[in-house]
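Colleague: I would like the atomic coordinates for the input below:
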Amino acid sequence: MKPIRLVKGFLTVGGWTLASRGVGFARDVMMAAYLGAGPVAEAFLIAFSLPNMFRRFFAEGAFNMAFVPLFAKKLEAGEDAQGFARDAFSALGALLIVFTLIGTIAMPWLVWAMASGFVGDARFDLAVTFGRISFSYILFISLVALLSGVLTTLGRFTEASFVPVLLNLIFIAAMLLAARFGWDMGLTLAWTVPVTGLAQFAFAWWWARQAGFTLLPRWPRFTPELRRLAVIAGPAVLAGGVVQINLLVGRQVASFTEGAVAWLSYADRLYQLPLGVVGIAIGTVLLPDLSRRLRAGDEDGGRDSFNRGTEFALALTLPSAVALMVIASPLISVLFERGAFAASDTAPTALALAIYGLGLPAFVMQKVLQPLYYAREDTRRPFHFAVLSMVVNLAIAIGLLPIIGFSAAAWATTLSAWVMLAQLWYGARGMGAASSFDPRLRDRAPRIFAASLIMGGCLWGMAALLALPLATEGWRYGALLILILTGIISYFGFGNAIGAFDLSDFTKALRRKRG
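Modeller: Numbering: from 1, shown residues only. Presented below is the predicted three-dimensional model:
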């Protein structure tokens with residue numbers, strides 16, 4: 001097997017994820033302009049969140065965490081990896097067909113569980129209708145997640161990372177067509193969901209076939225390997241369920257404040273940009289790399305992978321978190337405030353964004369620490385950690401709701417993320433050399449933190465200077481660009497000067513990527 005180049009993999013996945021999130025952000029700006037924070041927007045956001053929630057529950061957050069290490073080990077040992085992948089593909093597909101039928105029938109109860117505050121107004125019926133149309137997306141996208149696991153384990157990061165771009169491109173095209181021909185925007189978006197799922201599945205299946213893995217459905221066979229997969233995936237599925245309960249609590253809290261579901265969703269999409277670019281890149285590349293190194297007994301290589309992943313995460317996440325907190329209001333105002341998205345929506349959305357920004361490093365660092373467990377086929381301890389985090393999330397969200405309103409959901413998400421990170425770090429201390437910090441990371445981490453704070457000061461000062469242009473139509477886009485460039489130049493300039501990182505590391509990796 002050809003070894004995975006870690007930094008090249010991070011940059012490849014991160015680059016495509018950045019493209020996907022960038023196009024996705026354009027999609028969200030269009031949706032905000034067409035629907036604002038009104039009832040159709042809230043109903044669609046709840047409906048679309050249902051298949052996405054269960055997708056993370058079944059595939060990305062649980063099934064793949066068990067599948068990738070086992071698949072990687074079979075590849076490394078020269079065993080029948082294709083047969084194992086085919087059995088997993090068939091079993092997951094059969095399970096999801098049944099689940100899709102049940103979910104479609106039970107949609108009113110699912111919507112009630114997600115947003116009981118909708119009961120009694122038009123949002124509830126709209127969400128049920130949109131949900132029934134879009135729920136089949138879970139079948140396609142979960143199988144896409146498995147196929148992407150095959151591709152990334154083979155080192156084919158470009159193919160796996162391009163698939164999410166399709167969703168956003170198709171959504172943008174659908175909204176443009178709906179606006180052009182006068183179609184109902186809510187129904188158009190709902191029908192677009194399963195169409196995008198089918199398109200993503202077709203692309204991922206074809207690329208897996210090109211890589212030598214033709215996965216065709218057949219009657220599921222519960223082989224010993226598949227039973228082992230189920231045993232490992234079980235706690236991960238439960239942990240994924242705990243995470244989704246946290247999201248469910250947030251939606252419930254938000255549903256009792258008109259417009260809050262949309263405010264939190266738009267803020268979530270913006271902070272998901274750095275989280276997706278860095279977190280997904282690390283999680284996608286680090287898990288198969290660690291699995292293969294530990295299978296080969298390469299503890300030193302595993303330690304280097306873990307430390308470089310941590311360094312990469314901190315170098316890109318800490319400045320992003322500081323920026324989201326310092327310039328939350330200009331970001332929301334300039335990027336979203338148009339059409340149906342009113343000026344009165346900016347302040348609550350910016351508040352949610354700043355709170356999410358505080359939790360960004362915790363979310364990304366979870367992606368670094370979790371592979372240490374999953375590469376060892378240890379899914380039980382992350383589940384136990386997730387349960388405690390869920391309790392913290394519930395207590396904060398419900399306890400603070402009467403005091404601070406909808407922002408209790410954002411605070412609960414952020415603080416429970418830090419609790420989860422603390423547990424993962426504490427539990428990883430006994431994993432030997434592969435989980436220990438090396439001298440380079442110990443030296444660079446505080447410098448990265450210092451460079452991020454310096455950048456935050458520069459952003460704060462520049463935002464004050466640009467206050468008038470940022471609020472002036474025709475000037476605000478240029479002013480925001482200047483603000484962002486100020487952050488980039490100050491961070492990388494000061495960071496390179498004080499030894500937080502060496503810019504040559506990035507340029508060398510980019511040259512290898514192009515080569």
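Colleague: Could you give the average pLDDT over the helix or strand containing Met53?
Modeller: Here Met53 sits within helix 39-55, counting by DSSP states H and E. Per-residue pLDDT values across helix 39-55 average out to 83.
Colleague: Only the C-alpha atoms, please, for it, written as PDB.
Modeller: Below are the C-alpha coordinates for helix 39-55, written out as PDB (Å, rounded to 0.1, in the frame of the first residue of the first chain):
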ATOM      1  CA  PRO A  39     -41.700  30.100   8.500                       C
ATOM      2  CA  VAL A  40     -40.800  28.500   5.200                       C
ATOM      3  CA  ALA A  41     -37.100  28.800   6.000                       C
ATOM      4  CA  GLU A  42     -37.500  27.400   9.500                       C
ATOM      5  CA  ALA A  43     -39.700  24.500   8.300                       C
ATOM      6  CA  PHE A  44     -37.200  23.600   5.600                       C
ATOM      7  CA  LEU A  45     -34.200  23.900   7.900                       C
ATOM      8  CA  ILE A  46     -35.800  21.500  10.400                       C
ATOM      9  CA  ALA A  47     -36.900  19.100   7.600                       C
ATOM     10  CA  PHE A  48     -33.400  19.100   6.000                       C
ATOM     11  CA  SER A  49     -31.700  18.600   9.400                       C
ATOM     12  CA  LEU A  50     -33.600  15.300   9.900                       C
ATOM     13  CA  PRO A  51     -31.800  13.200   7.300                       C
ATOM     14  CA  ASN A  52     -28.600  15.000   8.000                       C
ATOM     15  CA  MET A  53     -28.900  14.200  11.700                       C
ATOM     16  CA  PHE A  54     -29.500  10.500  11.100                       C
ATOM     17  CA  ARG A  55     -26.700  10.400   8.500                       C
END
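Colleague: What helices and strands are in contact with it?
Modeller: Counting contacts by 3 or more Cβ pairs under 8 Å, 6 or more residues apart in numbering; DSSP states H and E, helix 39-55 packs against helix 6-35, helix 81-105, helix 107-114, helix 122-134, helix 137-153, helix 185-210, helix 224-255, helix 260-274. Quick note: C-beta positions are derived from backbone N, CA and C, even for glycine.
Colleague: Distance check, Leu95 against Gly432.
Modeller: 36 Å (Cβ to Cβ, to the nearest Å).
Colleague: swap that for Trp205, please
Modeller: Trp205 is 39 Å from Gly432, by Cβ to Cβ.
Colleague: and what of Ile282?
Modeller: Taken as Cβ to Cβ, the span from Ile282 to Gly432 is 21 Å.
Colleague: again with Ser416
Modeller: Where Gly432 is concerned, Ser416 sits at a distance of 28 Å (Cβ to Cβ).
Colleague: Likewise for Ile138?
Modeller: For Ile138 relative to Gly432 (Cβ to Cβ), the value is 38 Å.
Colleague: Same check on Ala19?
Modeller: Following Cβ to Cβ, the distance that separates Ala19 from Gly432 is 37 Å.
Colleague: Who has more neighbours out of the two?
Modeller: Taking other Cβ atoms under 10 Å, Ala19 and Gly432 do not tie; Ala19 has more neighbours (16 against 13).
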